[in-house]
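Peer 1: Output the structure for:
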Amino acid sequence: MENHRTRIFVKYFMLYIFIPVLIIMGFYVYMSTADVNRETEAIKSKEIYRVGEKTQILNELIGVPIRHSFSLLMGPRNVSALGLGVSVKTQDIAAALTSLLYGNPDYVQAHWIDAKDNEMVRMDRSGRYIIRIPDGLLQDKSDRYYFYNSMDSALGSVYVSQMDLNIEYDNIEVPYNPMLRFSTHIPRRGSVDLGVFVINFSAGNLLDKIAVSIKDTHGASRYLINDKGCWLRGPTPEDARGFMLGHDRTIGTYSPKAWEQIQRPSHGQFQGVDGIWIWQEVAPHRENVSVRYQEKWKVVGFVP
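Peer 2: Take a look at the predicted model:
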């Protein structure tokens, strides 16, 4: 009789208490998981928007010197001066480059380099002023990769260098000055190759545009990498540009699984054990200008 009562008790306990409790607990777990998933998707959506917003800003910022580089070939003063072939009016070239630098605060230098690797005209920003470098201080640029890559580019096209550190008289400038160079191979005048125009674009302000704003409340970090995975803006300032500073810290060493995903498509998202990764490739509008890039860049958002 006692065993029968026990079995009845267990039966009713299971039916009216234990099973309902399990159902309630399962429902709670389901709702909690659903809340987490909704929160995760909301964070992804927000970061996708932010990464796209930052990428568009970079597209616009980089597009401006591309247009200006090409316009140097079209300026009537330059066309007239260069039309003289070997007897170029350097003062007219200097005037055109000076005007360009005064109108664009992120342009720190503008050069005309002839086909024999020599600077012929160089204008530098010095505080509020633009100065012409004396002929005796002009440099041989034959060892600069951007010069010979520009000379190898099609006449009239724009070449965009990698984002590296400025070098003056064979030494990296200190404090570090991240730099992009936009150059155009000047169309020949008869049989004369007149070399290239080069604009030195200080990329510090551009990199600052990627920074996380105070409006971001989801713990995101935002970076810029090149197509080799090198940090151009990384988790710390010391991580950037290892290819020039002698270290191998890249996004691949920081998160190998994320780099496997990021390096292939132009945009996407990946959720790894370390967090959520969102990326989009920088692709400035060319406006019918032929452009050759030394490297490609991606804006990367990370939410731990």
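Peer 1: all strands for the stretch 1-150 of the chain, in order.
Peer 2: 107-113, 119-126, 129-132 (DSSP state E, counting those that start in this stretch).
Peer 1: so what does the second one touch, helix or strand wise?
Peer 2: This means strand 119-126. Helices and strands touching strand 119-126, by 3 or more C-beta pairs under 8 Å, 6 or more residues apart in numbering; DSSP states H and E, are helix 90-102, strand 107-113, strand 129-132. For the C-beta atoms, the positions are set from N, CA and C on the backbone; glycine is no exception.
Peer 1: The strands of the stretch 1-150 of the chain: which one's closest to T236?
Peer 2: strand 107-113 (25.0 Å; C-beta to C-beta).
Peer 1: Pick the most buried one from the helices and strands packed on strand 119-126.
Peer 2: For these, the largest average neighbour count (mean count of other C-beta atoms under 10 Å) is found in strand 107-113, namely a mean of 25.
Peer 1: That strand pairs with which strands?
Peer 2: strand 119-126 (antiparallel), strand 196-202 (antiparallel) (DSSP bridges).
Peer 1: Distance from the chain centre to that strand, please.
Peer 2: Offset of strand 107-113 from its chain centre (C-alpha atoms, centre = their mean, to the nearest Å): 21 Å.
Peer 1: neighbouring contacts of stretch 271-288?
Peer 2: With contact meaning C-beta atoms under 8 Å, 6 or more residues apart in numbering, stretch 271-288 is reached by 40, 43-44, 47-48, 51-52, 55, 58-60, 62-63, 66-67, 255, 257-258, 261-262, 266-270, 291, 296-304.
Peer 1: Looking at the residues you listed, which are in helices?
Peer 2: The helices, defined by DSSP state H, take in 40, 43-44, 47-48, 51-52, 55, 58-60, 62-63, 66-67, 257-258, 261-262 from the contacts of stretch 271-288.
Peer 1: Let me know the pLDDT of the closest residue to K141 other than its chain neighbours.
Peer 2: Among residues not flanking K141 along the chain, F147 sits closest, at 4.5 Å (C-beta to C-beta, 6 or more residues apart in numbering). At F147, the pLDDT value in this model is 89.
Peer 1: Now do the contacts for F147.
Peer 2: Residues in contact with F147, defined by C-beta under 8 Å, 6+ apart, are I113, D117, K141, S183, V196, V198.
Peer 1: now do V299
Peer 2: V51, K54, T55, L58, I210, R222, Y223, L224, W279, Q280, V282.
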